[in-house]
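J.: need a 3D model of the sequence below.
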Amino acid sequence: MSTTDRVSGTARAATGSHDSSTIATASGRGVVATVRRGLEVSPEITRGVRVTLLVALVSTAGKVVVPIAVQQTIDRGINGPAGPRPGLVVGLAVAAAVGVLLTGVSSYVANLRIFRATEAGLATLRTKAFRHVHDLSVLSQNAERRGALVSRVTSDVDTISTFIQFGGLLLVLSTGQLLVATVLMAVYSWQLALLVWGCFLPLFFAFRPLQRLVSRAYAQVRVRVGDMLGAISESVVGADTIRAYGVEGRTQERIDAAVGAHAKVAMRAQVLVAASFTGGVLVSGLVVAAVVAVGLLTGVGGSLTLGELLAFLFLVQLFTGPVQMGTEVLNELQNATAGWRRVLAVLDTTADVADPGERGVALPRGPIECRFEDVWFSYPGGEPVLKGITLELPPRARVAVVGETGSGKTTLAKLLTRLADPQQGRVLLDGVDLRDVRFSSLRERVVLVPQEGFLLDDTLAANIAWGAHGADDAAVRLALTELGLLDWALGLPHGLATEVGQRGESLSAGERQLVALARAYLADPDLLVLDEATSAVDPATEVRIQRALDGVTQGRTSVAIAHRMSTAEAADLVVVVDAGEVLDVGPHHELLTRCGVYQRLHASWRAQQRAA
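T.: Numbers count the residues shown, from 1 in each chain. Reported below is the predicted structural model:
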């Protein structure tokens, strides 16, 4: 590495800058650009759209059958030169009925097609957004509350679904209905058609700035929904702790504040929606009254027949209906656009821990050599956590990493398993930069057992087999036997079929760690990283696990972020980390004679053991 690179990297680390990407609150696109980008991400939505629009146009055209039938019935069937003609009236009524039936069938078919296309497209959107969340580094994910992040691929997508399935087609139909109604009104009386448009034009001009206000209001609504879900999910996950500390009141206050903030912005958005909808209703009523008055005063008996005036009034209803509904649909569009922007903001976030895919290296199976080369790392807005770490871990070695809390031990584990990438320097496995290794290969060869094992709401056997594709109960039993844990597993209420509950709540903290270790063992990695995996285990269980780990780690590389010094005593190599730097590396017995920090850590642990 050049001197320039080293200096610039050090300066970047020292200032606390980082390469991780923060998920934006929402994308900065306008409505049209948002819809265009959304359709690019979910192309299924527009699949077959031409046929759908054609069917929708048939549905729209069918709505003018009734006004024309009314006009013909009055002017020719009732008030015609030859007097009433019952046969013509019946024929016109039948034609109108057929037209109405055709309109209903066409509307059903159009809605069914758009519903299917929308569900397929939004399923793609949810899948892509969820997949991209997993491509982001832990730092990017931790920048947003879990509930708010979940809301982006659930409730925000639901707003899009609601609009497209009900409002989107309605908006298209309303536009077509306006055009057809305008043409026919002009045929009957261009003067009255101008009157109708003259009444509505001021509303159309006022509608645009009002919609900008609605758009901003709904953007706030979507943000507050995420905040509310975040607060509620935190209270559900931490229910035991909340009760244990008796802070139900303060927790309720936080939830009430989040709910109240959402209600406030939601009501403001609805006030704006009501204003636009009420304006449409008011103008629609005035238009009908104006057409009746002007038509009777100037038209009937002259250039306009009674049937034509009645038909014109039907057409006015066809015109005003879309205007009234259009205001509501466009408001729903703003809500959907706000949700779409939040989902697209996730997809637009750079995957800072990117999978090289097929271009990447697939590492062969076998014991792994690990190497850190001048690695610097800092969390967003913080001081460097790792400072120029250079470290080599030989294959087949059992390595323990020890240090005070906050010294950088867990960060080393994150970099070694590529949950994050260093700002400077390289982490290599068998001489290959981790950034060049395919995720599929990396996840097969490297397994991390975190401090808190994640368990599915499923059986004990299913949780153990989760990390090994195709593993059956026989493989699970064999793994537990080799770990010396089979008696414990069979001693549970239903043995391997015991349901562990959500997040493993039916098991103790130590038992959850046993499951996590058994899962990692069954996955058969070449590099096993244990991030204080025995910190939640009682001393008796720790002894059992420690003996089992002797067999688990035999012939493979293992790195244990050690909380208990018994792990360091059993290791081949101990790495002492302090304030983000590697102070010393060596066997336990050598470090006890030369490393003051290690001597202090070991003495403190020994004192705790004696006190216990």
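J.: skip the chain neighbours and tell me the closest residue to the residue nearest the centre of the chain.
T.: Note on the chain: the residue nearest the mean C-alpha position is residue 153, at 3.2 Å, using Cα atoms, centre = their mean. The shortest distance from residue 153 to any non-neighbouring residue, by Cβ to Cβ, 6 or more residues apart in numbering, is to residue 129 (4.6 Å). Where you see a C-beta, it was placed from the backbone N, CA and C, and this is true even at glycine.
J.: and that neighbour, what is it in contact with?
T.: By Cβ atoms under 8 Å, 6 or more residues apart in numbering, the contact list for residue 129 reads 152, 153, 157, 343, 346, 347.
J.: tell me the contacts of the fourth one?
T.: Right, the one you point to is residue 343. 38, 125, 129, 152, 153, 156, 157, 160.
J.: check which helix or strand it maps to.
T.: Using DSSP states H and E, residue 343 maps to helix 306-348.
J.: for the residue nearest to the centre of the chain, give me its contacts.
T.: 126, 129, 130, 133, 343, 346.
J.: so which of the contacts of residue 343 wins on neighbours?
T.: Ranked by neighbour count (other Cβ atoms under 10 Å), the contacts of residue 343 have residue 156 at the top, with 29 neighbours.
J.: got a list of what residue 75 touches?
T.: 305, 306, 307, 308.
J.: wait, the second one touches residue 78, no?
T.: No: under the contact definition of Cβ atoms under 8 Å, residue 306 does not touch residue 78, with a separation of 9.4 Å.
J.: following the chain onward from the host helix or strand of residue 175, which element is next?
T.: Under the criterion of DSSP H and E, residue 175 resides in helix 169-188. Following helix 169-188 in sequence order, the next helix or strand is helix 190-237 (DSSP H and E).
J.: one step back: buried ones in the helix holding residue 175?
T.: By neighbour count on 16 or more other Cβ atoms under 10 Å, the buried set for helix 169-188 is 169-174, 176-178, 180-182, 184-186, 188.
J.: need the contacts of residue 75 in CSV (columns: pLDDT and distance to residue 47).
T.: Shown next, in CSV, are the contacts of residue 75 (pLDDT from 0 to 100; distance: Cβ to Cβ, whole Å):
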residue, pLDDT, distance to residue 47
305, 74, 47
306, 76, 48
307, 75, 44
308, 73, 43
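J.: and those residues, which is closest to residue 440?
T.: Of all the contacts of residue 75, residue 308 has the smallest distance to residue 440: 72.5 Å, by Cβ to Cβ.
J.: quick one: residues contacting the closest one.
T.: Residue 308 is in contact with 71, 75, 188, 189, 299, counting by Cβ under 8 Å, 6+ apart.
J.: and residue 587, what's its pLDDT?
T.: Residue 587 carries a pLDDT score of 91 in this model.
J.: sorry, that was for residue 146
T.: Note for residue 146: predicted pLDDT of 61.
J.: show me where this protein has strands.
T.: 370-378, 384-393, 398-402, 424-429, 432-433, 446-449, 527-531, 557-561, 573-578, 581-586 (DSSP state E).
J.: residue 91 is nearest to which of those?
T.: strand 446-449 (79.0 Å).
J.: which strands and helices lie in contact with that closest one?
T.: helix 509-523, strand 527-531 (3 or more Cβ pairs under 8 Å, 6 or more residues apart in numbering; DSSP states H and E).
J.: care to break the chain down by domain?
T.: Segmentation of the chain into domains, based on automatic domain parsing, reads 22-348, 370-611.
J.: out of these, which gets the lowest mean score?
T.: domain 22-348 (a mean of 75).
J.: hmm, residue 597 is touching residue 579, no?
T.: No: counting by Cβ under 8 Å, residue 579 is not a contact partner of residue 597; they are 9.8 Å apart.
J.: could you list every residue that touches residue 122?
T.: 42, 45, 157, 160, 161, 164.
J.: gap between the fifth one and residue 154?
T.: Looking back up the chat, that one is residue 161. Distance from residue 161 to residue 154, counting by Cβ to Cβ, to the nearest Å: 11 Å.
J.: next: the second one.
T.: In this structure, residue 45 and residue 154 are separated by 18 Å, where distance is defined by Cβ to Cβ.
J.: what does the first one give?
T.: In this structure, residue 42 and residue 154 are 16 Å apart, going by Cβ to Cβ.
J.: more neighbours: which of those two?
T.: residue 42 (26 against 15).
J.: residue 579: neighbour count?
T.: Using other Cβ under 10 Å, residue 579 has 16 neighbouring residues.
J.: that one touches residue 405, doesn't it?
T.: No: counting by Cβ under 8 Å, residue 579 stays clear of residue 405, with 11.6 Å between them.
J.: quick one on the thing from earlier: closest one to residue 118 among the strands of the chain?
T.: Ranking the strands of the chain by proximity to residue 118 (Cβ to Cβ) places strand 446-449 first, at 39.1 Å.
J.: kindly indicate which of the contacts of residue 308 lies nearest residue 429.
T.: For the contacts of residue 308, the residue nearest residue 429 by Cβ to Cβ is residue 188; the value is 79.8 Å.
J.: my guess is that closest one contacts residue 312. True?
T.: Yes: the pair residue 188 / residue 312 is scored as a contact, 5.0 Å apart, by Cβ under 8 Å.
J.: overlap in contacts of the two?
T.: Any residue near both residue 188 and residue 312 by Cβ under 8 Å, 6+ apart counts here, and that gives residue 304.
J.: any idea how far residue 92 is from residue 566?
T.: Using Cβ to Cβ, residue 566 is found at 95 Å from residue 92.
J.: kindly report the same for residue 455.
T.: To residue 92, residue 455 is 71 Å away according to Cβ to Cβ.
J.: these two: which is more packed in?
T.: For residue 455 versus residue 92, the count of surrounding residues by other Cβ under 10 Å is larger for residue 455: 24 against 21.
J.: what's the closest non-adjacent residue to that one?
T.: Using Cβ to Cβ, 6+ apart, the closest residue to residue 455 is residue 504 (3.4 Å).
J.: for that neighbour, which residues are in contact?
T.: 453, 455, 463, 511, 512, 515 are the contacts of residue 504 under Cβ under 8 Å, 6+ apart.
J.: export the residues you listed as CSV, with columns for distance to residue 213.
T.: Formatted as CSV, the contacts of residue 504 follow (distance: Cβ to Cβ, whole Å):
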residue, distance to residue 213
453, 49
455, 47
463, 51
511, 55
512, 50
515, 53
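J.: and of the residues you listed, the nearest to residue 424?
T.: The closest of the contacts of residue 504 to residue 424 turns out to be residue 453 (Cβ to Cβ; 32.1 Å).
J.: now that closest one: how far from residue 515?
T.: Distance from residue 453 to residue 515, by Cβ to Cβ: 6 Å.
J.: for the closest residue to residue 311 other than its chain neighbours, which residues are in contact?
T.: Ranked by Cβ to Cβ, 6+ apart and with sequence neighbours excluded, the top spatial neighbour of residue 311 is residue 71, at 3.6 Å. Counting by Cβ under 8 Å, 6+ apart, residue 71 touches 188, 305, 307, 308, 310, 311.
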